[in-house]
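Asker: need a structure here:
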Amino acid sequence: MSSPLALAAGVPGSVSAAVADLAGRSVVLVQVDPSTRRGALDADAGATLALAADAALDAHLPLVGVVTSSGADVHAGVAALHGWGTAARSFARCSGVVPILIAVTGPTISGPALLLGMADVVVMTEAASAYVVGPPAVASFTGEQVDPHSLGGASVHATQTGVAAAVRADQEQALELLTSVLAHLPDHCDAEPPTWATWDPVDRPTPEAGAVLPPTASGSYDVLDVARALADEGEVLELWGGWAPNLVTAFATVGGRPVGIVANQPLALAGSIDISASQKGARFVGLCDAFNVPLVTLVDTSGFFPGKDREWRGMIRHGAQLVGAYARATVPRVCVVLRKAYGGAYIVMDSKTMGNDVCLAWPSAELAVMGARQAAGILHRREGGEVRAAKEAEYATTLLNPWMAAERGYVDAVIDPADTRRAVATSLEMLRSKRELLPRRAHDNLPL
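Answerer: As a prediction, the model looks like this:
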């Protein structure tokens, strides 16, 4: 960063703001200084946070924060709470208009912690922690003794809550990662993402993509290997890798154009979708859609993960988040069905029904309500084992193939895995001028 233009430089307090250079990109950089009352926010500090967000919105520049804060300044009383509320409102106004990227470098408590939930991407350092209600209050209310890191440490937010997209060793590395994220995003919602220079030809064959599939339908593989085969130079920037690992969300480029990749991960829960995966996918699809990043979806899922616990925790409501995110996305959307695509999970993973633009399938794809064994077990449950086995084989041969879906227009083309990069790149180029006219309304009311 060089030659920052300070904003509200004369205002005292823990917060400073400036228009700064971040690896060649102009951003509004706001920093909460932990050396000033442990980063406590008084009314002036809250006003400076709001000013930074308003400046980012007005100038259409990304908002980047470096945060460590002990919460509202108790010495300032209710004015500190009003200051934070002003900042929260300004952050909300920025959402979906300019990228909001935050590095958390130390303890971040109460109101400032809630700001993390309003950001597009949060990276935490190993020393960071974040929580709304601290250990003393937890002990007082519940009797449970916890320390800051077991309550809201970086590893907790990277694996359990999904607040942290990644964890890095220190502030420098955290900002480096945010710089890499920003390289895939435009300055604001009315701009296109930056184009990358690449030497990788878009028609490069990808036989290695199909080679990762195991010989048996129940075998697992790393879907990131497929993503790397499609991406320029094999470079993929995975985010939220520790949270809901059964779904991959990552940035990459294809033909020098940034894309967001959403993929079922067979290595975890057989690529099925649970509550966390639905939330993770919905959040990432929304991020890409807000900032004009095309979506490439790689499908290999046996369905929604079953269980009473998940149903009681709201699988219906949370599962609808991913449904809604894809259904309202207007960016170019290309889907590739690699192997299993069963039931409602197939529909959710950017099928034609959800408004997908181009749906491709490998010959190994299985698009159906369920697998052959499950179908035979239901349809022929009163038959003997030999009859069920024969019906299972018949079901697999006649229905579990992509050509049936292609005949009905649910799949646009069945392609050789070696042609996947070329087909995806061609589809994205065709969709480059895609525009959709949204209905006039304040916003939808789908589940958050």
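Asker: and R440, its phi and psi?
Answerer: Phi and psi for R440, reported as degrees, to the nearest 10, are phi -80, psi 110.
Asker: count of neighbours near it?
Answerer: Around R440 sit 5 other residues, with neighbours defined as other CB atoms under 10 Å. For the C-beta atoms, the positions are set from N, CA and C on the backbone; glycine is no exception.
Asker: and it, what does it touch?
Answerer: For R440, no residue meets the contact criterion (CB atoms under 8 Å, 6 or more residues apart in numbering).
Asker: Q321 and V348 touch, don't they?
Answerer: No. Counting by CB atoms under 8 Å, Q321 stays clear of V348, with 10.0 Å between them.
Asker: those two: which is more packed in?
Answerer: The residue with more neighbours, out of Q321 and V348, is V348; 28 against 22, by other CB under 10 Å.
Asker: the more buried one is in contact with G319, isn't it?
Answerer: Yes. Judged on CB under 8 Å, V348 makes contact with G319 at a distance of 7.3 Å.
Asker: who touches both of these two?
Answerer: I273, S278.
Asker: before we move on, the earlier item: list residues touching both of Q321 and V348?
Answerer: Common neighbours of Q321 and V348 (criterion: CB under 8 Å, 6+ apart): S278.
Asker: end-to-end on stretch 250-258?
Answerer: 10 Å (CA to CA, to the nearest Å).
Asker: got the buried residues for it?
Answerer: Residues A250, F251, A252, T253, V254, G255, R257, P258 are the ones in stretch 250-258 that count as buried (16 or more other CB atoms under 10 Å).
Asker: of all those residues, which comes closest to G307?
Answerer: Ranked by distance to G307 (CB to CB), the buried residues of stretch 250-258 are led by A250 at 27.1 Å.
Asker: which residues of the stretch 1-150 of the chain fall in strands?
Answerer: 5-7, 15-22, 25-32, 63-69, 100-109, 121-125, 129-131 (DSSP state E, counting those that start in this stretch).
Asker: also the stretch 301-448 of the chain?
Answerer: 333-342, 358-361, 366-368, 413-414.
Asker: flag the shaky bits of the stretch 151-300 of the chain, pLDDT-wise.
Answerer: Within the stretch 151-300 of the chain, no range satisfies pLDDT under 70.
Asker: three-state assignment of the residue nearest the centre of the chain?
Answerer: By CA atoms, centre = their mean, the chain has its centre lying nearest to F284, at 2.5 Å. Each residue gets one of three states, and F284 gets helix by DSSP: H, G, I helix; E, B strand; the rest coil.
Asker: so who does it touch?
Answerer: L239, W240, T249, G260, V262.
Asker: the same query, at a cut-off of 7 Å, please.
Answerer: T249, G260, V262 (CB atoms under 7 Å, 6 or more residues apart in numbering).
Asker: looking at this, the last one is in a strand?
Answerer: In this case it means V262. Yes. Assessed with three-state DSSP, V262 lies in a strand.
Asker: who touches the residue nearest to E235 when sequence neighbours are not counted in this structure?
Answerer: Spatial nearest neighbour of E235, chain neighbours left out: A252 (6.5 Å); criterion: CB to CB, 6 or more residues apart in numbering. A252 makes contacts with A227, A231, E235, V236, L237, V259, I261, as judged by CB under 7 Å, 6+ apart.
Asker: what's the helix or strand for A252?
Answerer: Under the criterion of DSSP states H and E, A252 resides in strand 247-254.
Asker: hey, what's the angle from that strand to strand 333-342? Just curious.
Answerer: Strand 247-254 and strand 333-342 are oriented at 150 degrees to each other (axes from the mean of the first three to the mean of the last three CA atoms, to 10 degrees).
Asker: ok, strand 247-254: who's next to it in the sheet?
Answerer: strand 237-239 (antiparallel), strand 257-264 (antiparallel) (DSSP bridges).
Asker: flag every buried residue along stretch 124-138.
Answerer: Buried residues in stretch 124-138 (16+ other CB under 10 Å): M124, T125, A127, A128, S129, A130, Y131, G134, P135.
Asker: got the end-to-end distance for it?
Answerer: Using CA to CA, the end-to-end distance of stretch 124-138 comes to 23 Å.
Asker: contacts for stretch 183-196?
Answerer: By CB under 7 Å, 6+ apart, stretch 183-196 touches 60-62, 96-99, 232, 251, 253, 256-258, 290-293.
Asker: first-to-last residue distance for that stretch?
Answerer: 9 Å.
Asker: how about that stretch: buried residues?
Answerer: A183, H184, L185, P186, D187, H188, P193, P194, W196.
Asker: kindly reformat those residues as JSON lines containing distance to M430.
Answerer: Converted to JSON lines, the buried residues of stretch 183-196 look like this (distance: CB to CB, whole Å):
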{"residue": "A183", "distance to M430": "25"}
{"residue": "H184", "distance to M430": "21"}
{"residue": "L185", "distance to M430": "23"}
{"residue": "P186", "distance to M430": "21"}
{"residue": "D187", "distance to M430": "26"}
{"residue": "H188", "distance to M430": "26"}
{"residue": "P193", "distance to M430": "18"}
{"residue": "P194", "distance to M430": "21"}
{"residue": "W196", "distance to M430": "20"}
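Asker: and the two most separated of the residues you listed?
Answerer: H188 and W196 (19.0 Å).
Asker: contacting residues around V226?
Answerer: A209, V212, L298, L338.
Asker: go again using 8 Å as the cut-off
Answerer: Contacts of V226 (CB under 8 Å, 6+ apart): A209, V212, A263, L298, L338, T420.
Asker: and the residues you listed as JSON lines, adding neighbour count?
Answerer: Formatted as JSON lines, the contacts of V226 follow (neighbours: other CB atoms under 10 Å):
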{"residue": "A209", "neighbour count": "24"}
{"residue": "V212", "neighbour count": "17"}
{"residue": "A263", "neighbour count": "26"}
{"residue": "L298", "neighbour count": "27"}
{"residue": "L338", "neighbour count": "28"}
{"residue": "T420", "neighbour count": "23"}
